[in-house]
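*Asks:* Sharing a model prediction with you, sequence too.
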Amino acid sequence: SGLRYSGNPAVPDAAVVTVLDDPARAMVPSTYPTSIDGFTITGGAQSDFAGNVNAITGGVKTPYGAAGALITQGGGIYVHNNVKGLHLTDNVIRGNGGSYGGGVRVGTPYVGNNNNDNLVLAHNQIRDNGGTNLAGAIGLFTGSNKYQVDGNAICGNHSAEYGGAVSAFGYNAQGGTITNNKIWFNASYDEGAGIMIAGELPADPTQLSEGSGPVRIDANVIQANLANDDGGGVRLLQTSGSHISRANPEMIAITNNTIANNVSAHEGGGLALDDSAFVNVVNNTVARNITTATAVTSNGQPAPAGLSTGANSDPLQAKLRDTTAFPGSSILGNTLFSKPTIMNDVFWDNRAGSFNGVESGITAADANPWDMGAADGSGQLSPINSVIQTALGTDGGSATTLSNDPVFVGSYDVAVNILQLRTCPAFRQSVIVALILPPSLMGDYHLLNTTSPAYGRGTGSVRVRWGATTQTNAWLYTVSAPNRDIDGNKRP
């Protein structure tokens, strides 16, 4: 209590490491960043629950548009406010519990701009941490501009709400990057078990979120994560917000990732999109992801297992119609739903289970293969220069899109149990059952060799048409593929 610090709200206690800005001192120069490097950080414990977190249909929910909770103890590392250029590197961050991110929490949601810019979170082992709301292992909140989450091993973390492994929740005008991480065996009680990118929910649900700002998710292995709602691997929620415009669409780029063996109890075992109008899904392998149709929000019928999307909200649709933000193009015409550009991807053996009250059919023999689509029937997706197992939910794709087995070096199977909670029978929790294996035995989703039908199938770039169905009134822009792959090798 005797320390000087800037920012609001009050500093919570019980984190192992708390980082504050002293307003009486000069800013640390970027050439000499504050660093926490080489430690084992463990034992941060949350002793109470935030008073404004309520149980809804068996889950834990932050109230819609509510201010950040003040009872927010615990966690491994807590970064308060106005901390610029912090480097968190080469640490083992394990066995911590807290709110808004049990491993690393940067800022507080719903309090405005936290001004914790230029964070570097790199080469850490972040495992076995738990968060009660909005984040499990890592929580990055509004004002974490230009964050870099790179080269980390993130395993076995859990969130009682969103973002089991990484949650970037809130608006960052200058965006951030999540690259070269191994993200596996993380879970969320709700959405986004692997990576969650979301805008803050507005206090008035008839208004548009601010969105997330631009984000690049590149060259990660996102595998065997489990969400008990949408988005086992990657979840995008209200990323397109009030700041988007034709000049600055604040693109989400999902490139070069292996997204495999993830499980969602509702939609999008691999990826799930909602109010995310401008998304590029390029050069990814999305394989053997599962939807179990067992979530409280599910009707027991199959839902897209590789990539799921849905209709835009009325506030977002009004924004896309706004000729001030999007002059000279009738954006409304073709964007009634979140329609990503899907290019140079391999979608294979993504299994859409159905639940009959006893079991969910997800084995190779009884599963319904469904690589991508809109579960609500709001539109069809258009894969380009890709390999897909089934055209269900698509317009068939371009002439360069095939349905031949891509032939991986080796695949990996996960088993899933469905368990009803006695305290809330409507909530049927999915549980991944896995052998204790070294990561090297969790499959290899590289193409087997040059004889694979997917080999050389990609293209360097494509012109995408948004808006009206006629070329004259449309907004044309170019989507380019990365010039290196997940292993750092050059792509032609």
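*Replies:* Looks like it arrived, so ask away. Numbers count the residues shown, from 1 in each chain.

*Asks:* And the strands in the stretch 201-350 of the chain, which stretches?
*Replies:* Using DSSP state E, counting those that start in this stretch, the strands of the stretch 201-350 of the chain run over 215-218, 221-223, 226-227, 234-237, 252-255, 258-260, 263-264, 271-274, 279-282, 285-287, 290-291, 307-309, 341-343, 346-348.

*Asks:* Give the buried residues for stretch 195-206.
*Replies:* Using 16 or more other Cβ atoms under 10 Å as the test for burial, stretch 195-206 gives 195, 196, 197, 198, 199, 200, 201, 202. The way it works is simple: take the backbone N, C-alpha and C, and place the C-beta from them, glycine included.

*Asks:* Please produce CSV containing these, extended by distance to residue 169, pLDDT and secondary structure.
*Replies:* Formatted as CSV, those follow (distance: Cβ to Cβ, whole Å; pLDDT from 0 to 100; DSSP: H, G, I helix; E, B strand; the rest coil):
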residue, distance to residue 169, pLDDT, secondary structure
195, 11, 98, strand
196, 7, 98, strand
197, 8, 98, strand
198, 5, 97, strand
199, 8, 96, coil
200, 7, 94, coil
201, 10, 86, coil
202, 13, 84, coil
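
*Asks:* Tabulate the strands of the stretch 201-350 of the chain in JSON lines, adding columns for mean pLDDT and distance to residue 413.
*Replies:* Shown next, in JSON lines, are the strands of the stretch 201-350 of the chain (pLDDT from 0 to 100; distance: least, Cβ to Cβ, whole Å):
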{"stretch": "strand 215-218", "mean pLDDT": "98", "distance to residue 413": "25"}
{"stretch": "strand 221-223", "mean pLDDT": "97", "distance to residue 413": "12"}
{"stretch": "strand 226-227", "mean pLDDT": "94", "distance to residue 413": "15"}
{"stretch": "strand 234-237", "mean pLDDT": "98", "distance to residue 413": "21"}
{"stretch": "strand 252-255", "mean pLDDT": "98", "distance to residue 413": "24"}
{"stretch": "strand 258-260", "mean pLDDT": "98", "distance to residue 413": "11"}
{"stretch": "strand 263-264", "mean pLDDT": "94", "distance to residue 413": "12"}
{"stretch": "strand 271-274", "mean pLDDT": "98", "distance to residue 413": "20"}
{"stretch": "strand 279-282", "mean pLDDT": "97", "distance to residue 413": "24"}
{"stretch": "strand 285-287", "mean pLDDT": "98", "distance to residue 413": "11"}
{"stretch": "strand 290-291", "mean pLDDT": "94", "distance to residue 413": "10"}
{"stretch": "strand 307-309", "mean pLDDT": "98", "distance to residue 413": "21"}
{"stretch": "strand 341-343", "mean pLDDT": "96", "distance to residue 413": "25"}
{"stretch": "strand 346-348", "mean pLDDT": "97", "distance to residue 413": "14"}
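
*Asks:* what's the pLDDT at the nearest residue to residue 214 once chain neighbours are set aside?
*Replies:* Spatial nearest neighbour of residue 214, chain neighbours left out: residue 175 (3.6 Å); criterion: Cβ to Cβ, 6 or more residues apart in numbering. Here the pLDDT value assigned to residue 175 is 96.

*Asks:* list the contacts for residue 175?
*Replies:* With Cβ atoms under 8 Å, 6 or more residues apart in numbering as the criterion, the residues that contact residue 175 are 145, 146, 213, 214, 215, 216, 250.

*Asks:* Return the closest of those residues with respect to residue 257.
*Replies:* residue 216 (10.9 Å; Cβ to Cβ).
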